[in-house]
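Asks: Need coordinates for the following:
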Amino acid sequence: MSYKIQLDKKKLEAELTPLQYSVCLNHGTEPPFQNIYWDNKKEGVYNCICCNSPLFDSQTKFDSGTGWPSYFKPISKGAVEFITDSSFGMTRTEARCASCGSHLGHLFPDGPAPTGERYCINSASLDFIEKK
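Replies: Numbers count the residues shown, from 1 in each chain. Predicted coordinates:
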């Protein structure tokens with residue numbers, strides 16, 4: 001796929017933690033309840049750690065009980081793209097940054113109103129910018 005922002009993997013390897021690199025570029029997953037944003041309650045915006053594109057607003061964040069940050073919608077239409085993920089013997093919907101293609105997490109149809117969607121996102125793929 002072609003993205004607006006092309007990632008420099010060598011540069012990111014030097015800038016990101018090993019976990020961030022694994023999640024974002026190798027489609028890894030961080031442990032639940034042991035990540036920086038799963039229980040963050042501050043107001044602000046969650047950006048892509050790789051390209052700084054805005055992805056989620058704190059007003060759409062909710063406690064899903066899963067141990068990962070969860071949102072009921074992206075910050076804007078087109079901020080997140082969706083890929084069919086058939087790994088691990090199941091079919092899921094992978095969520096990626098639409099600007100650079102970085103792996104974020106997965107989308108599930110069991111979220112709250114108004115969308116009924118749950119974006120289950122790895123903290124390692126995000127950079128939180130607190131509202132001043």
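Asks: Can you tell me how far the residue positioned nearest the centre of the chain is from Lys11?
Replies: Note on the chain: the residue nearest the mean C-alpha position is Leu104, at 3.1 Å, using C-alpha atoms, centre = their mean. Going from Leu104 to Lys11 by C-beta to C-beta, to the nearest Å gives 20 Å. Backbone N, C-alpha and C define where each C-beta goes, glycine included.
Asks: Neighbouring strands of the helix-or-strand element of the chain with minimal mean pLDDT in the sheet, and parallel or not?
Replies: Lowest mean confidence among the helices and strands of the chain (mean pLDDT, DSSP states H and E): strand 80-85, at a mean of 91. Sheet partners assigned to strand 80-85 using DSSP bridges are listed as strand 92-97 (antiparallel).
Asks: now the partner strand: mean pLDDT?
Replies: Throughout strand 92-97, pLDDT has a mean value of 94.
Asks: Which parts of the chain are helices?
Replies: Applying DSSP state H to the chain gives helices spanning 9-15, 18-26.
Asks: Give me the contact list for the shortest one.
Replies: Outside helix 9-15, the residues that touch it by C-beta atoms under 8 Å, 6 or more residues apart in numbering are Tyr21, Cys24, Leu25, Cys50.
Asks: what's near enough to touch the third one?
Replies: By that I understand Leu25. Leu25 neighbours (C-beta under 8 Å, 6+ apart): Leu7, Lys9, Leu12, Cys50, Ser102, His103.
Asks: Need the pLDDT of the fourth one.
Replies: What it means is Cys50. 98.
Asks: Excluding chain neighbours, what is closest to it?
Replies: Distances taken as C-beta to C-beta, 6 or more residues apart in numbering put Ser102 closest to Cys50, at 4.3 Å, once the chain neighbours are dropped.
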